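# Predicted model and sequence below, questions to follow.
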Amino acid sequence: QVQLAESGGGSVQPGGSLRLSCATSGFTFHYYVIAWFRQAPGKGRERVSCINNEDGSTYYADSVKGRFTVSRDNAKKTVYLQMDNLKPEDTAVYYCGADALFDPEPPSCHYHEMSHWGEGTLVTVSS
């Protein structure tokens, strides 16, 4: 059974940092794409970043490029989202999702639609 569990959300002032974790189980971590999405109040779900666990390639939305970094720990089967220089507009519930790699794999992990989701973790950026 595929399970994803986000953690690390909280409240932070503008300019601050948080690191989100997505702990996974129930599937072969190496052969999956893990993505981070967010949903702000009253808005649709936005893809923030993703990582191909097989080759380590990554994708970032323009809104977070240069501020967020996605990484993985294969031994812990966990994906992280390091968020620096946070802005009030980053306030949202952050979700991680998982989808199996394709054969052949498209040029970027952002082509994947997620098959599995976590419950989300709230990030609030406010002074």
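Received it, and whenever you're ready, just let me know what you need.
# Identify the bridge partners of residue 33.
Bridge pairing for residue 33 (DSSP bridges) gives the partners residue 52, residue 99.
# That one is in contact with residue 99, isn't it?
Yes - using C-beta atoms under 8 Å, residue 33 is in contact with residue 99, at 5.1 Å. For the C-beta atoms, the positions are set from N, CA and C on the backbone; glycine is no exception.
# and for these two, which residues touch both?
residue 112 (C-beta atoms under 8 Å, 6 or more residues apart in numbering).
# Looking at the two, which has the bigger crowd around it?
Neighbours per residue (other C-beta atoms under 10 Å) separate residue 33 from residue 99, with residue 33 holding more: 28 against 17.
# what residues are up against that one?
Residue 33 touches 50, 51, 52, 53, 98, 99, 100, 101, 109, 112, counting by C-beta under 8 Å, 6+ apart.
# Reformat those residues as CSV; add pLDDT and distance to residue 127.
Formatted as CSV, those follow (pLDDT from 0 to 100; distance: C-beta to C-beta, whole Å):
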residue, pLDDT, distance to residue 127
50, 98, 30
51, 97, 31
52, 96, 36
53, 95, 36
98, 97, 34
99, 95, 37
100, 93, 42
101, 92, 42
109, 91, 34
112, 91, 36
